[in-house]
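A.B. asks: Next input, structure requested:
(one chain, ligands or ions: 2)
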Amino acid sequence: MHGAWGGVVPEIAAREHVGAVNRVLAAALAQAQVPWADIDGIAVTAAPGLIGSLLVGVAAAKTLAWVYRKPLIGVHHLEGHLCSALLADPHLEPPFLCLLVSGGHSSLVWVPAWGAYQILGQTRDDAAGEAFDKVARLLGLGYPGGPALEKAAQTGNPKSYPLPQGKIAEAPLDFSFSGLKTAVRRLCEKFPPEALPVADIAASFQHTVAEALVQRTLRCAETVGARTIVAVGGVAANTGLRSRLQTEAGARGWQVVFPPLSLCTDNAAMIGCAGGLRLQRGHVSPLTLTPRSRLALTACDELYR
Ligand SMILES: Nc1ncnc2c1ncn2[C@@H]1O[C@H](COP(=O)(O)OP(=O)(O)OP(=O)(O)O)[C@@H](O)[C@H]1O
Ligand SMILES: [Mg+2]
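C.D. replies: Ligands and ions are numbered 1, 2, ... in the order given. Next up, the predicted model:
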């Protein structure tokens, strides 16, 4: 539905949520074969995100919480991504450094304890996933761009075209991907459309992004003394990034945790997981919970007041 427009259309997303929410809920309960009596609480994404979609989910969750007399737990979307690593390794415990790379965010988050977040690096412009989507469009690979670009890159040479990593002198842990995107556009303009070396450009771009992410992550881990690195968000599904990070961190004797591939992009399991952790600590949201299109990860405790 969104593919025809080349990106998510908020109004379409909200309307589709209304149509899908009850069907998805019924299917999930049937598949899990869990009676309501065994459900301890209702977790729901409350912020940040597209407000129309958040409103649909929060209204549904509040209704269920009220009807079934269960605690309501509003979850910060990025805390959900962070907790997706627990779905791969249930024994994961802070402290760890998290590389959070999704469609709207690219951050290095130090997690000394569950719920305590310190942003040590972030993007100055585009998010990594956004860069994948924009470059995929330049290469005529369609939407969603990340998986399509990764597929195209498989047959290309990552050393074909040197591209800028977007280093920021005064902030070595920050990212910048807009210069890289512009460099790819200029490179594309040098070829007639029918002779565009799609695979080589895709491989060079993917290699550059992975290097930018891995180098900053290693540097950050050294600075804070992290011995466990967690990589989450849609871009953490990228096999180029996964193998690069695994190799570099492994060589230093550090542990790396990735969510399962299917749980890197948005999913409900990670929200349930984050909600469960909150509930264990007695964090419950009021039934007056209001979804918010913006909310910093460092302010996520506001959802429990
Ligand atoms: N294999 C892949 N390689 C690179 N990028 C990928 C891959 N798979 C998905 N992505 C990218 O991940 C992004 C989607 O991830 P996610 O669902 O975490 O983002 P979002 O929820 O839209 O953003 P946010 O979580 O920041 O609000 C898209 O930009 C997509 O291109
Ligand atoms: Mg997301």
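
A.B. asks: what comes up buried for stretch 102-117?
C.D. replies: 102, 103, 105, 106, 107, 108, 109, 110, 111, 114, 115, 117 (16 or more other Cβ atoms under 10 Å). Any C-beta I mention is one placed from the backbone N, CA and C, and that applies to glycine too.

A.B. asks: what does the stretch 1-150 of the chain have sitting close to ligand 2?
C.D. replies: For the stretch 1-150 of the chain, the contact set with ligand 2 under Cβ under 5 Å from the ion comprises residue 102.

A.B. asks: Quick check, the residue in the stretch 201-305 of the chain closest to ligand 1?
C.D. replies: Nearest residue of the stretch 201-305 of the chain to ligand 1 (Cβ to the nearest ligand atom) works out as residue 234 at 2.0 Å.

A.B. asks: Verify the contact between that residue and residue 101 for me.
C.D. replies: Yes. Residue 234 lies in contact with residue 101 (Cβ atoms under 8 Å); the separation is 7.4 Å.

A.B. asks: Comparing the two, which residue is more hemmed in?
C.D. replies: residue 101 (29 against 23; other Cβ atoms under 10 Å).

A.B. asks: what's residue 159 in contact with, if anything?
C.D. replies: By Cβ atoms under 8 Å, 6 or more residues apart in numbering, the residues touching residue 159 are 204, 207.

A.B. asks: And the pLDDT for the residue nearest the centre of the chain?
C.D. replies: The residue lying closest to the centre of the chain (Cα atoms, centre = their mean) is residue 233, at 2.3 Å. For residue 233, the model assigns a pLDDT of 98.

A.B. asks: looking at it, it is touching residue 263, isn't it?
C.D. replies: No. Judged on Cβ under 8 Å, residue 233 makes no contact with residue 263 at a distance of 10.6 Å.

A.B. asks: ok, back up a step: residue contacts, the residue nearest to the centre of the chain?
C.D. replies: Applying Cβ under 8 Å, 6+ apart, the residues near residue 233 are 81, 100, 101, 102, 103, 105, 129, 264, 265.

A.B. asks: Leaving aside the residues adjacent along the chain, what's closest to the second one?
C.D. replies: Spatial nearest neighbour of residue 100, chain neighbours left out: residue 107 (4.7 Å); criterion: Cβ to Cβ, 6 or more residues apart in numbering.

A.B. asks: ditto for the first one
C.D. replies: If you skip the residues right next to it in sequence, residue 81 has residue 232 as its closest partner in space, 4.6 Å away by Cβ to Cβ, 6+ apart.
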